[in-house]
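[1] model this:
(one chain, ligands or ions: 1)
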Amino acid sequence: CDKQDGKPPRQRLLVVANRLPVSAVRRGEDSWSLEISAGGLVSALLGVKEFEARWIGWAGVNVPDEVGQKALTEALAEKRCIPVFLDEEIVHQYYNGYCNNILWPLFHYLGLPQEDRLATTRSFQSQFAAYKKANQMFADVVNKHYEEGDVVWCHDYHLMFLPKCLKEHNRKMKVGWFLHTPFPSSEIHRTLPSRSELLRSVLAADLVGFHTYDYARHFVSACTRILGLEGTPEGVEDQGKLTRVAAFPIGIDSDRFIRALKIPEVQEHIEELKERFKGRKVMLGVDRLDMIKGIPQKILAFEKFLEENPYWRDKVVLLQIAVPTRTDVPEYQKLTSQVHEIVGRINGRFGTLTTVPIHHLDRSLDFHALCALYAVTDVALVTSLRDGMNLVSYEFVACQDAKKGVLILSEFAGAAQSLGAGALLVNPWNITEVAKSIDRALNMGAEEREKRHRHNFLHVTTHTAQEWAETFVSELNDTVVEAELRIRQ
Ligand code: ADQ
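    Numbers count the residues shown, from 1 in each chain. Below is the predicted model of the structure:
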């Protein structure tokens, strides 16, 4: 624990995630520059100030030489980050292969990549071996930095094998694991050749958390149906050992967004945007360029809307900001070209000499620019095909207290369970339904918008990232104490 300025010591928290919250770029043999990276987990944990947190993870670069590794370790230490060094082959098999090509699509109900399904099946064993090896490398770094009393919080589908590695080394370590994606129905999970080993590894944790009650229920069902274990109201029991399983819906640091709107630079930006899109309603999509986000489906729904509502053609604009990710995976390259092709076609079809209906940007926006965009938006479109939670919907709501815009939200995003009463829920696969919701949102009266916004704003400002992390960690502490008491009795 850290003691500072006479304040009570803060509990040390080791956050272990595949990626560190920064990306490293090499500037010389022994010099590095670091940049905060975009993504849901980073956004959520940036808001957590209650703990003395250290991050352990991969910096996203291959650093084969010792000089580079030493310099990067020192640079990261200033940001309380500790690197795990993974070589190219491991990254290829573990990260691009098992994590992104197998677990990610499967957990989002997208199945294995169509074209190379057989190849994926063939390379499965070697990729799973690399996955286990990589998880052991993360465990080695955790073990090296662990101090008695620390809480270790493992994150996401990349590290399902980690709780087992950690507990094998030190049974007394407090280990929690949280999944940021959906956990699919047990019928999907059971198709994985490594289904049992993964479940057993996760069950080595003291506390297992999901965004929604449904995901937790799917996990417990997988353990009962595939492993034959007993599900209890608290979790899963295996030979007298209980693993607590519960829902911990994530939130955002809403104050950070609300405060940002008052900064002069952001206000200036808001005024510029208002001037730029004067006379037109602004619709917004902000996503990582990933197949789960349903970007092509969203754009096709917007096309359908323009097709059926000629009145709106020069009175509405869709701004789609899509930050590229996993650019070396062929499926993602294909998605990028597909989106570009559809946007080009629709702009050609409905654009005029002076305006285009869709502005599509393939890049990340800085925080202030993002807040300004959220604030000027009339209708936000979140049409994920599946999404663990979706923080963009929360961020939009936090920035809308003046405008009270409408959120169109996929029923397959975890956020539908928390913001469903305020949003217009849609099935993103049904572009006719989404087009109708766009029409409804653009024509919605002020009173209904106010009522819907109030509901969501209250939720977003009272269920924050900070509260999420505090609840998880305090539940983890309690779980461990309870388990010790049970053993003593
Ligand atoms: P993500 O799939 O990354 O997160 P999401 O929850 O929407 O999805 O978070 C994305 C974050 O990245 C947001 O904070 C957003 O502002 C930022 N972002 C996205 N595109 C951006 C852009 N173009 N420019 C700048 N910033 C951008 C995963 C799961 C989610 C889950 C989170 C947290 O897939 O379902 O909600 O983790 O658990």
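[2] Could I get the buried residue list for stretch 407-422?
    By neighbour count on 16 or more other Cβ atoms under 10 Å, the buried set for stretch 407-422 is 407-410, 412-419, 422. From N, CA and C alone the C-beta is placed, and that goes for glycine too.
[3] Check those and tell me the two furthest apart.
    Farthest pair in those (Cβ to Cβ) is 412 and 422. Separation: 17.4 Å.
[4] hey, which helix or strand in this structure has the poorest pLDDT?
    Counting by mean pLDDT, DSSP states H and E, the weakest-scoring helix or strand in the chain turns out to be strand 2-4, with a mean of 49.
[5] So, low pLDDT: which residues of this protein?
    Applying pLDDT under 70 to the chain picks out residues 1-8, 38-41, 43-44, 46-48, 113-120, 485-489.
[6] Identify the single longest helix in it, thanks.
    Scanning the chain for the longest helix, with DSSP state H as the assignment, gives helix 117-145.
[7] other SSEs contacting the next helix or strand along the chain from that helix?
    Next along the chain after helix 117-145, taking DSSP states H and E as the criterion, comes strand 151-155. Counting contacts by 3 or more Cβ pairs under 8 Å, 6 or more residues apart in numbering; DSSP states H and E, strand 151-155 is packed against strand 12-19, helix 162-169, strand 174-178, helix 465-488.
[8] Including mean neighbour count and distance to the ligand, could the ones you listed go into JSON lines?
    JSON lines is the format used below for the helices and strands packed on strand 151-155 (neighbours: other Cβ atoms under 10 Å; distance: least, Cβ to the nearest ligand atom, whole Å):
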{"stretch": "strand 12-19", "mean neighbour count": "22", "distance to the ligand": "10"}
{"stretch": "helix 162-169", "mean neighbour count": "21", "distance to the ligand": "17"}
{"stretch": "strand 174-178", "mean neighbour count": "25", "distance to the ligand": "8"}
{"stretch": "helix 465-488", "mean neighbour count": "16", "distance to the ligand": "9"}
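[9] What residues does the stretch 251-400 of the chain have near the ligand?
    Contact residues, the stretch 251-400 of the chain versus the ligand (Cβ under 6 Å from any ligand atom): 286-288, 321, 323, 364-365, 370, 387-392, 395.
[10] Tell me which two of these sit farthest apart.
    Greatest spatial distance in those: 365 and 388, 21.9 Å, computed using Cβ to Cβ.
[11] Looking at those two, which is more packed in?
    For the pair residue 365 and residue 388, the greater number of neighbours falls to residue 388 (28 against 15), based on other Cβ atoms under 10 Å.
[12] what residues are up against the more buried one?
    Residue 388 is in contact with 40, 179-182, 211, 215, 414, counting by Cβ atoms under 8 Å, 6 or more residues apart in numbering.
[13] now with 10 Å?
    Residue 388 makes contacts with 40-41, 107-108, 156-157, 178-183, 210-212, 215, 249-250, 292, 413-415, as judged by Cβ atoms under 10 Å, 6 or more residues apart in numbering.
[14] Please apply the same query to residue 34.
    Going by Cβ under 10 Å, 6+ apart, residue 34 touches 20-25, 59, 72, 75-76, 78-79, 81.
[15] Pretty sure residue 450 sits against residue 456.
    No: contact criterion Cβ atoms under 10 Å: residue 450 and residue 456 do not qualify, at 11.2 Å.
[16] Pick out whichever of these two has more residues nearby.
    Taking neighbours as other Cβ under 10 Å, residue 450 and residue 456 compare with residue 456 leading, 25 against 11.
[17] So that one versus residue 444, what's the distance?
    14 Å (Cβ to Cβ, to the nearest Å).
[18] Can you pull the residues that touch both of these two?
    The contact sets of residue 456 and residue 444 overlap at residue 404 (Cβ under 10 Å, 6+ apart).
[19] Quick check: what element follows the helix or strand encompassing residue 340 along the chain?
    Per DSSP H and E, residue 340 falls inside helix 330-350. Next along the chain after helix 330-350, taking DSSP H and E as the criterion, comes strand 358-361.
[20] And that next one, what's buried?
    358, 360.
[21] next one: stretch 350-366
    350, 356-358, 360, 364.
[22] Same check on stretch 179-194?
    Here stretch 179-194 shows 179-184, 186, 188-189, 192, 194 as buried, counting by 16+ other Cβ under 10 Å.
[23] among those residues, which are within reach of the ligand?
    Of the buried residues of stretch 179-194, the ones that also sit near the ligand (Cβ under 6 Å from any ligand atom) are 180-181.
[24] Tell me the one of the buried residues of stretch 179-194 nearest the ligand?
    residue 180 (3.6 Å; Cβ to the nearest ligand atom).
[25] Tell me who's in contact with whichever residue of the stretch 201-350 of the chain sits closest to the ligand.
    Scanning the stretch 201-350 of the chain for the residue nearest the ligand gives residue 323, at 3.6 Å (criterion: Cβ to the nearest ligand atom). Counting by Cβ under 10 Å, 6+ apart, residue 323 touches 37-39, 286-290, 361-365.
[26] Put together JSON lines for the residues you listed, with distance to residue 224 and secondary structure on each row.
    Listed next are the contacts of residue 323 as JSON lines, based on distance: Cβ to Cβ, whole Å; DSSP: H, G, I helix; E, B strand; the rest coil:
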{"residue": "37", "distance to residue 224": "38", "secondary structure": "coil"}
{"residue": "38", "distance to residue 224": "38", "secondary structure": "coil"}
{"residue": "39", "distance to residue 224": "33", "secondary structure": "coil"}
{"residue": "286", "distance to residue 224": "38", "secondary structure": "strand"}
{"residue": "287", "distance to residue 224": "35", "secondary structure": "strand"}
{"residue": "288", "distance to residue 224": "34", "secondary structure": "strand"}
{"residue": "289", "distance to residue 224": "37", "secondary structure": "strand"}
{"residue": "290", "distance to residue 224": "31", "secondary structure": "coil"}
{"residue": "361", "distance to residue 224": "46", "secondary structure": "strand"}
{"residue": "362", "distance to residue 224": "44", "secondary structure": "coil"}
{"residue": "363", "distance to residue 224": "45", "secondary structure": "coil"}
{"residue": "364", "distance to residue 224": "42", "secondary structure": "coil"}
{"residue": "365", "distance to residue 224": "44", "secondary structure": "coil"}
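[27] Ok, which of the helices and strands packed on strand 151-155 comes nearest residue 335?
    strand 12-19 (20.3 Å).
[28] now the closest one: how far from the chain's centre is it?
    Centre-to-centre, strand 12-19 and its host chain are 15 Å apart (Cα atoms, centre = their mean, to the nearest Å).
[29] for it, packing partners?
    helix 40-46, strand 52-58, strand 81-83, helix 117-145, strand 151-155, helix 162-169, strand 174-178, helix 465-488 (3 or more Cβ pairs under 10 Å, 6 or more residues apart in numbering; DSSP states H and E).
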